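# would you be able to build a 3D model of this:
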Amino acid sequence: AALGQEAPWTSVFSTIHLELGNELWGAASGGDPFFGASLLGGKRLGKISNDRFAILRSRPFFDTAKCNLIIGGQNGSTGRQAEIMDESTTHDGIALAPYFGGLDTWNTPEEMYYPLFARALATSLTKAYTSKGIIDSYGRGTEMSIYEINYHTTGGLAPNSVRDPFVAGASGALALPLHMMCFQRDLGTNLQCAFTASGFGFKYDNQNYVRLWGLLRDIEGTRLKRPTWLGLEMVNQGIFGNMVETTHSGDIPTKTIGAINGLTVPQTFPVVNSFAYHDGFDHSVVLFNLDLDASHSIVLEHARTPQSAATMRQFAPSDINATNEDAQLLDFATTSINDFGNSYSMTLPSKSLTVLTWSTSAGLTASPAGLVFPDTEILSTADSQITVTNEAMTSGPRDIVSVNLVSGSPGQFQLLTPLPINGIAPGFGAQLQWRFAPTTNGPKTATYEIVTTDPDYPIITIVLQGTAIGDDDGDGVPVSLDAFPGNS
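Numbering: from 1, shown residues only. Predicted coordinates:
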């Protein structure tokens with residue numbers, strides 16, 4: 001309150017995520033970093049969490065719509081999630097920490113980095129995938145989230161000269177967001193946190209420190225951003241609204257790597273990967289080229305006609321092992337595109353991350369968005385038209401189902417075009433013929449909703465206006481036919 005925040009936090013945040021403790025399933029052994037706070041497994045953790053959360057929920061000011069109650073599960077032991085679910089019914093979610101970054105062999109860049117990327121894409125081989133199935137099998141709508149994720153290259157014999165560029169180098173801008181976005185796409189895991197903002201190094205044996213876990217090298221010293229930070233900063237510019245499906249066609253380049261460095265089986269994986277989002281008229285696509293050596297040309301086809309202006313953020317290092325540990329050698333470039341459109345051709349540099357953001361028009365648009373009829377004598381008519389165009393260039397035809405009066409002057413405007421109108425193909429339109437047929441003097445206005453099968457914007461709103469003249473005496477007879485003008 002002394003700093004100016006007087007309102008309760010529940011009125012500030014749409015959701016407050018509350019996780020009980022941190023890895024409380026620990027064994028309380030000598031190697032347990034949370035020795036004094038561990039509960040020795042998921043059974044006790046589930047029971048105690050269930051009890052504590054029940055107390056929270058019973059309080060008069062607890063808001064179930066605001067507070068998300070989470071129990072920290074154990075990614076390395078998938079059965080732990082079943083133990084928690086067996087003993088607790090008062091939690092909303094279970095959070096995991098699916099770290100990555102095995103480095104048991106490092107003879108070539110391909111041996112080091114292709115397993116890193118392939119593991120991100122092979123979601124079905126992860127323990128998080130198994131845990132998701134266990135949690136969902138209880139049928140209680142329990143959400144799975146990620147409370148920590150990053151490299152975890154703290155074992156093995158790799159020397160620091162190899163280990164540090166692996167975890168703090170350019171690959172982090174690709175590997176960390178790729179893992180997180182694959183979990184979002186494949187498992188529906190929308191709530192995720194990377195670990196952690198600041199942390200220069202971690203002691204992994206008696207003599208050595210590896211450059212983990214900080215996404216920032218430090219805060220008060222150099223303030224240098226590590227590539228993991230840069231990658232997340234980029235993709236967060238493109239993550240909004242809802243994730244939408246992308247499809248790839250044509251010649252799809254791939255790489256094959258054996259069962260090394262965390263891969264349990266050999267993998268053949270596509271080097272070009274895409275993730276897309278949209279929120280209203282705002283759209284984005286996140287593009288990865290995981291090929292360490294070759295660039296690849298692509299053509300973007302859009303489901304909706306984009307505007308000509310777009311913004312591109314691109315991270316394309318010349319050296320996959322380069323770091324920002326001693327100087328700012330790596331960063332992403334932001335450029336404006338002024339010729340964006342359907343079938344947009346571009347080249348993705350090797351080992352690159354690209355984020356494009358742009359805006360579009362709705363799938364079906366009305367032109368004009370309303371009609372103003374000329375002054376019209378009562379009992380006469382004036383006709384005009386509106387064209388409804390399908391601008392959703394690659395997602396199929398749309399139908400006009402009905403037109404409904406929302407407000408205004410009933411009976412003064414008439415739709416002459418029969419409905420429904422089916423199969424308006426992309427790039428084509430249909431005309432709606434309207435008639436102004438006033439029955440009384442004065443200005444007339446009506447608002448109509450055009451109901452369509454567009455999946456995102458099914459309603460088009462139009463406004464019709466006109467002024468009726470010729471009945472100054474108000475007897476309902478136009479002056480051209482009135483035998484007694486001036487008499488009402």
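# show me the helices in the stretch 51-200 of the chain, by range?
Across the stretch 51-200 of the chain, reading from the start of the chain, the helices by DSSP state H, counting those that start in this stretch fall at 79-87, 109-121, 127-137, 160-168, 172-187.
# packing partners for the next helix or strand after the longest one?
For helix 172-187, the succeeding helix or strand toward the C-terminus, using DSSP states H and E, is strand 202-203. In this structure, strand 202-203 makes packing contacts with strand 209-210, judged by 3 or more C-beta pairs under 8 Å, 6 or more residues apart in numbering; DSSP states H and E. Backbone N, C-alpha and C define where each C-beta goes, glycine included.
# show me the contacts for residue 102.
Shown in contact with residue 102 (C-beta atoms under 8 Å, 6 or more residues apart in numbering): 115, 119, 153, 156, 261-263.
# kindly report the same for residue 153.
101-103, 163, 166-167, 210, 212.
# and of those residues, the nearest to residue 39?
When those are compared for distance to residue 39, the smallest value, 26.6 Å, is given by residue 212; criterion: C-beta to C-beta.
# partners of the closest residue to residue 192 other than its chain neighbours in the sheet?
Counting by C-beta to C-beta, 6 or more residues apart in numbering, residue 192 lies nearest to residue 146, which is 4.1 Å off, once chain neighbours are set aside. Using DSSP bridges, the bridge partners assigned to residue 146 are residue 96, residue 192.
# before we move on, the earlier item: so which of the contacts of residue 102 is the closest to residue 275?
The nearest one, if we look at the contacts of residue 102 relative to residue 275 and count by C-beta to C-beta, is residue 119, at 17.0 Å.
# relative to residue 246, how far out is that closest one?
Look at residue 119 and residue 246: by C-beta to C-beta, to the nearest Å, they are 21 Å apart.
# these two: which has the busier surroundings?
The neighbour count for residue 119 versus residue 246, taken as other C-beta atoms under 10 Å, is higher for residue 119 (25 against 16).
# which residues does that one contact?
Contacts for residue 119 were tallied using C-beta under 8 Å, 6+ apart; they are 100, 102, 125-126, 179, 262-263, 267.
# residue 131 now?
Neighbouring residues of residue 131 by C-beta under 8 Å, 6+ apart: 73, 75, 78, 81, 94, 96, 144.
# out of the residues you listed, which are inside strands?
Cross-referencing these with the strands (criterion: DSSP state E) gives 94, 96, 144 as the overlap.
# tally of neighbours for the first one?
It refers to residue 94. Residue 94, neighbours per other C-beta under 10 Å, totals 28.
# once you drop chain neighbours, what's closest to it?
Using C-beta to C-beta, 6+ apart and skipping the chain neighbours, the partner closest in space to residue 94 is residue 73 (4.3 Å).
# residues near that neighbour, how many?
Residue 73 is flanked by 31 other residues according to other C-beta under 10 Å.
# equivalent analysis for residue 172, please.
For residue 172, the neighbour count with other C-beta under 10 Å is 27.
# what pLDDT is listed against it?
At residue 172, the model reports a pLDDT of 98.
# can you list the low-confidence ranges for the protein?
Counting by pLDDT under 70, the chain shows low-confidence ranges at 36, 361-362, 393-395, 482-488.
# distance of residue 282 relative to residue 241?
Taking C-beta to C-beta, one finds residue 282 at 7 Å from residue 241.
# typo on my end, residue 314
Residue 314 is 22 Å from residue 241, where distance means C-beta to C-beta.
# can I get the contacts of residue 102 in CSV including distance to residue 109?
Rendered in CSV, the data for the contacts of residue 102 read as follows (distance: C-beta to C-beta, whole Å):
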residue, distance to residue 109
115, 11
119, 16
153, 15
156, 17
261, 12
262, 16
263, 16
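# quick one: classify residue 243 as helix, strand or coil.
strand (DSSP: H, G, I helix; E, B strand; the rest coil).
# please name the nearest non-neighbouring residue to it.
Excluding the flanking residues, the one nearest residue 243 by C-beta to C-beta, 6+ apart is residue 277, at 5.5 Å.
# mind checking how far the one you found is from residue 176?
Separation of residue 277 from residue 176 (C-beta to C-beta) stands at 18 Å.
# okay, those two: which has more neighbours?
Here residue 277 and residue 176 are compared on neighbour count by other C-beta under 10 Å; more neighbours surround residue 176, at 26 against 18.
# ok, now which ones touch that one?
Residue 176 is in contact with 149-151, 194, 228, 231-232, counting by C-beta under 8 Å, 6+ apart.
# closest one of these to residue 474?
Closest approach to residue 474 among the contacts of residue 176 (C-beta to C-beta): residue 232, at 69.7 Å.
# for residue 172, see how far away that closest one is.
Look at residue 232 and residue 172: by C-beta to C-beta, they are 9 Å apart.
# partner strands of the host helix or strand of residue 309, parallel or antiparallel?
Residue 309 belongs to strand 306-315 when elements are defined using DSSP H and E. Take DSSP bridges as the rule and strand 306-315 pairs in its sheet with strand 333-337 (antiparallel), strand 352-360 (antiparallel).
# the last one: which residues count as buried?
Same thing as strand 352-360. Within strand 352-360, the residues that count as buried by 16 or more other C-beta atoms under 10 Å are 352-358, 360.
# what of the shortest one?
Of the residues in strand 333-337, those scored as buried under the neighbour-count criterion (16+ other C-beta under 10 Å) are residue 337.
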